[in-house]
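> the sequence isn't on hand, but the structure is:
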Ligand SMILES: C[S@@+](CC[C@H](N)C(=O)[O-])C[C@H]1O[C@@H](n2cnc3c(N)ncnc32)[C@H](O)[C@@H]1O
């Protein structure tokens, strides 16, 4: 039987509410509010420096691909975007590079929202001096629990429409209860234009269940990350509130919830949303790493570590056993021209085993609004509009 089918289809918010158990949004908000901003030097020395860069590259490629599609399908250049659970604004630069015209950032952690706004203002200041950047998008910042509050009511213009909603590394928080998942989806999708996208990155519940089932004590991980399932029984996983603790070296230590994807697809249908794809990070990486622009970006963002290297940054040689094997094969078949060989042995890009194991619990997803229940209209790409 498929892993997902084994998940029991029952419990939801009402049961949680009935049990009088307090939800965990406050715990999550407190965690993110208390996270210290680390300087560039600290980040460079972090054990997960390349993992963070790699994850950032995944977001850049996902955003880049989606913006390209949106621009060609809608024939619109300036896009309006909702960054749902935007944190400290880690994606502001990506939005600027994408040339969007307006951004709304919303997050539960007030301190993060303030830091996001400060970053935005700093970028704006720099943008004014940099004529080449094509100017900066306008922005709004909202502090709200997006699993409980209808954020549309907080927009400066409640009738605003978005071309894209992006929810990066955050959607899983709403699977605490059915009511929270519904509200998060409402926020993500209700104001999307027909043809608009809802994209994100989130832990892949299938992969987590697979690793949990082959673990001892309902816990797996390594020296950079750990997932610990917090309910009793792995055979009857609830649809909502399937809580685990996620620990990521120096960055996250918080309760999260398994996202049962068929349920997400079902809830998204209420907003006319169709799932275009869901891919593991490993799959998404292999599809995009060799594409011209993303290959260059991967280098510039230092999304992979150069191997061999004298600086393993606290990692152990065992972290590179597979890389070493591949590297030896490359050396054995080194067919580079002589003048290049004279420059020294080849270098390859890699991630340590610990970091690779951590990043591959995630997946990317993309939904598109293909119908509008209110008007009965269905979506057609710009090029087909007017076709009979
Ligand atoms: C891992 S961070 C990701 C931040 C940002 N999207 C990024 O990729 O850099 C998760 C974010 O989700 C936010 N978050 C968690 N629960 C939330 C909720 N109920 N409503 C709004 N934001 C929430 C946290 O405050 C945090 O900023």
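Received the coordinates, thanks. Since this is a predicted model, take the numbers as computed values, not measurements.

> which bits of this structure sit near the ligand?
Within the chain, the positions adjacent to the ligand are 25, 28-29, 32, 85-87, 90, 107-109, 112, 145-147, 168-170, 173 by Cβ under 6 Å from any ligand atom. Quick note: C-beta positions are derived from backbone N, CA and C, even for glycine.

> ok, now with 5 Å
Within the chain, the positions near the ligand by Cβ under 5 Å from any ligand atom are 25, 28, 32, 85, 87, 90, 107-109, 112, 145-147, 168-170, 173.

> so residue 255, which state does it fall into?
Secondary structure, DSSP: H, G, I helix; E, B strand; the rest coil: residue 255 is strand.

> tell me how far the closest residue to it other than its chain neighbours lies from residue 174.
Excluding its sequence neighbours, the residue lying closest to residue 255 (Cβ to Cβ, 6 or more residues apart in numbering) is residue 24, at 4.9 Å. The gap separating residue 24 from residue 174 is 11 Å, by Cβ to Cβ, to the nearest Å.

> please apply the same query to residue 239.
13 Å.

> try residue 220
Distance, residue 220 to residue 174, by Cβ to Cβ: 24 Å.

> likewise for residue 223?
Distance check for residue 223 against residue 174: by Cβ to Cβ, it reads 30 Å.

> between residue 220 and residue 174, which has more neighbouring residues?
residue 174 (31 against 20; other Cβ atoms under 10 Å).

> Provide the secondary structure category for that one.
helix.

> do I have it right that it meets residue 184?
Yes - at 3.6 Å, residue 174 counts as touching residue 184 under the criterion of Cβ atoms under 8 Å.

> mind listing the shared neighbours of these two?
Residues touching both residue 174 and residue 184 by Cβ atoms under 8 Å, 6 or more residues apart in numbering: 146, 147.

> okay, and which of the residues of the chain next to the ligand map to helices?
25, 28, 32, 112 (DSSP state H).

> just the buried subset of the residues you listed, please.
25, 28, 32, 112 (16 or more other Cβ atoms under 10 Å).

> could you identify the most distant pair in the residues you listed?
25 and 112 (14.0 Å; Cβ to Cβ).

> would you map the helices across the stretch 101-250 of the chain?
Along the stretch 101-250 of the chain, counting by DSSP state H, counting those that start in this stretch, helices occupy 110-129, 178-189, 205-213.

> other SSEs contacting the last one?
It stands for helix 205-213. Counting contacts by 3 or more Cβ pairs under 8 Å, 6 or more residues apart in numbering; DSSP states H and E, helix 205-213 packs against helix 3-6, strand 219-221, strand 225-229.

> tell me the angle the helix or strand that contains residue 59 makes with strand 225-229.
Using DSSP states H and E, residue 59 maps to helix 49-74. Angle of helix 49-74 versus strand 225-229, following axes from the mean of the first three to the mean of the last three Cα atoms, to 10 degrees, is 80 degrees.

> now do the buried residues in helix 49-74.
49-67, 69-71, 73-74.

> domain assignment for this protein?
According to automatic domain parsing, the chain comprises the domains 22-202+257-291+363-384, 305-350.

> now, of these, which is deepest in the fold?
By mean neighbour count, with neighbours taken as mean count of other Cβ atoms under 10 Å, domain 22-202+257-291+363-384 ranks first of the domains of the chain at a mean of 18.

> what average pLDDT does that one get?
Across domain 22-202+257-291+363-384, the average pLDDT comes to 92.

> and the residue of the stretch 251-388 of the chain found nearest the ligand, how many residues sit next to it?
Residue of the stretch 251-388 of the chain nearest the ligand, by Cβ to the nearest ligand atom: residue 252 (6.2 Å). Residue 252: 16 surrounding residues under other Cβ under 10 Å.

> which strand residues bridge the closest residue to it other than its chain neighbours?
Nearest non-adjacent residue to residue 252, counting by Cβ to Cβ, 6+ apart: residue 246, 5.7 Å away. Per DSSP bridges, the residues bridged to residue 246 are residue 227, residue 254.

> from residue 315, how far off is residue 246?
Distance, residue 246 to residue 315, by Cβ to Cβ: 21 Å.

> can I assume residue 373 sits in a helix?
No - Residue 373: not assigned to a helix; according to three-state DSSP it is coil.

> quick check: closest non-adjacent residue to it.
Leaving aside its sequence neighbours, residue 373 sits nearest to residue 272 (Cβ to Cβ, 6+ apart; 5.8 Å).

> give me phi/psi at that neighbour?
The phi and psi torsions at residue 272 (degrees, to the nearest 10) take the values phi 70, psi 20.

> is it true that it touches residue 375?
No - contact between residue 272 and residue 375 fails when scored by Cβ under 8 Å: they sit 10.0 Å apart.

> re the thing from before, neighbours around the residue nearest to residue 252, how many?
Every residue meeting other Cβ under 10 Å relative to residue 246 is counted, giving 19.

> separation between the nearest residue to residue 103 once chain neighbours are set aside and residue 104?
Leaving aside its chain neighbours, residue 103 sits nearest to residue 139 (4.6 Å; criterion: Cβ to Cβ, 6+ apart). The gap separating residue 139 from residue 104 is 7 Å, by Cβ to Cβ.
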